[in-house]
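Novice: Here's a sequence, model it:
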Amino acid sequence: MAALKVMGCDPSTYTGLCQLEGDKHTTKLLHFDKARGFERLQLIAQSFHNTVTEWSPDIVVIEGYAYGNAHSLVTLVEVGTLLRKTLYDLKISWYDAPPTLLKKFTTGKGNSNKKAIAEAVLNRWGFASKSDDVVDAYALARLGQALASGDATFVNGVSYHGVIVAVGVGVTAGIEVAVGVTAAVLVGVNVGDDDVSVGVIQHLSQLADDFYLEQVIIFSNLLNQLDDVDVLTNRIDEVVTNKKVHRFPYCQ
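Specialist: Sure thing, here's the model as predicted:
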């Protein structure tokens with residue numbers, strides 16, 4: 001199985017990007033020295049779009065806003081909004097990771113400075129860069145790998161935005177439903193074409209309406225063995241009601 005492609009993004013007028021596939025990394029710094037205002041925003045957004053399209057990440061982790069820095073907050077929000085809008089349009093899921101959480105994940109302390117972060121990244125993973133923004137992006141990608149692996153240590157600190165996934169695993173496991181914050185797509189995987197599947201599809205479609213989703217995609221490649229659609233739909237309702245969040249939109 002190919003390694004998951006996890007991108008870290010540190011958004012600013014110097015937007016640092018890093019994509020990890022296992023331990024293999026690719027980095028980029030988006031900066032346009034002579035541009036200002038909307039021209040600069042447009043150039044960063046277009047470059048980000050091109051990079052994401054080229055790299056085709058499975059998941060992205062974006063550093064959240066540093067609200068204590070009033071001088072640069074407006075610019076950070078402008079850049080960050082455009083980058084998140086790009087991911088939303090491309091239907092790529094992402095996590096928002098607050099700066100304090102990223103620092104704690106990287107160094108063990110939530111108030112570490114840039115130098116401490118760079119030293120921790122070098123010591124833990126052997127990565128170094130002249131750009132603090134790229135270093136942060138690398139750490140964000142490592143955080144994404146940890147989240148994708150099922151490590152729940154930092155799950156409560158991040159917010160998830162992306163794909164709502166309903167996955168039928170085997171014959172008896174039922175369906176797991178992931179409830180995202182700004183979900184765009186509901187995917188029913190392993191749903192057959194018989195009467196049971198019709199009922200499941202209708203139920204998933206209703207969930208799509210309930211969660212204000214934009215689209216329902218059904219993959220038809222399994223299950224005519226299920227005898228009772230109520231078992232399946234009740235399982236969906238149970239998971240949604242209990243707010244069990246599937247924190248990564250992929251299933252083994």
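Novice: So Leu17: helix, strand or coil?
Specialist: strand (DSSP: H, G, I helix; E, B strand; the rest coil).
Novice: Near it, how many other residues are there?
Specialist: Leu17 has 28 neighbours, counted by other CB atoms under 10 Å. Quick note: C-beta positions are derived from backbone N, CA and C, even for glycine.
Novice: Quick check: pLDDT value at it.
Specialist: Note for Leu17: predicted pLDDT of 98.
Novice: Tyr65 and Gln46, how far apart?
Specialist: Tyr65 is 22 Å from Gln46, where distance means CB to CB, to the nearest Å.
Novice: the more surrounded of those two?
Specialist: Shown here are Tyr65 and Gln46; by other CB under 10 Å, Tyr65 has more neighbours (16 against 13).
Novice: now the more buried one, nearest residue through space, not along the chain?
Specialist: Nearest non-adjacent residue to Tyr65, counting by CB to CB, 6 or more residues apart in numbering: Leu76, 5.7 Å away.
Novice: That neighbour contacts Asp10, correct?
Specialist: No. Here Leu76 does not reach Asp10: they are 10.2 Å apart, not a contact under CB atoms under 8 Å.
Novice: higher neighbour count, these two?
Specialist: Asp10 (25 against 18).
Novice: List the backbone torsions phi and psi for the more buried one.
Specialist: Dihedral pair for Asp10: phi -110, psi 100, per degrees, to the nearest 10.
Novice: OK, contacts around it?
Specialist: 16-17, 62-63, 133-134, 136-137, 140 (CB atoms under 8 Å, 6 or more residues apart in numbering).
Novice: now, the most widely separated pair of the residues you listed?
Specialist: Pairwise distances across the contacts of Asp10 (CB to CB) peak at 14.4 Å, for the pair Ile62 and Val134.
Novice: For the contacts of Asp10, pick the one with the most neighbours.
Specialist: Counting neighbours by other CB under 10 Å, the top entry in the contacts of Asp10 is Ala137, with 30 neighbours.
Novice: my guess is that residue contacts Leu20, does it?
Specialist: No. With contact defined as CB under 8 Å, Ala137 does not reach Leu20; the gap is 9.9 Å.
Novice: still on that earlier bit, return the member of the contacts of Asp10 nearest to Tyr88.
Specialist: Taking CB to CB as the measure, Tyr88 lies nearest Ile62 of these, at 11.7 Å.
Novice: Tell me the bridge partners for the closest residue to that closest one other than its chain neighbours.
Specialist: Nearest non-adjacent residue to Ile62, counting by CB to CB, 6+ apart: Cys9, 4.7 Å away. Beta-bridge partners for Cys9, by DSSP bridges, are Leu17, Ile62.
Novice: count of neighbours near Cys9?
Specialist: Cys9 has 30 nearby residues by other CB under 10 Å.
Novice: Check the one 5 residues further on too.
Specialist: Counted with other CB under 10 Å, residues neighbouring Tyr14 total 17.
Novice: The one 10 residues further on too?
Specialist: Per other CB under 10 Å, the neighbour tally for Lys24 reads 9.
Novice: show me what contacts the residue nearest to Tyr65?
Specialist: 11-12, 65-66, 69.
Novice: Narrow those residues to those that are buried.
Specialist: Buried members of the contacts of Leu76, counted by 16 or more other CB atoms under 10 Å: 11-12, 65.
Novice: Looking at the residues you listed, which one is closest to Ala2?
Specialist: The nearest member of these to Ala2, counting by CB to CB, is Pro11 at 27.2 Å.
Novice: The closest one contacts Glu63, correct?
Specialist: Yes. In this structure Pro11 lies within contact range of Glu63 using CB under 8 Å: 6.7 Å.
Novice: Isn't Leu43 up against Asp33?
Specialist: No. With contact defined as CB under 8 Å, Leu43 does not count as touching Asp33 (10.6 Å).
Novice: Quickly find the element holding Ala120.
Specialist: helix 114-125 (DSSP states H and E).
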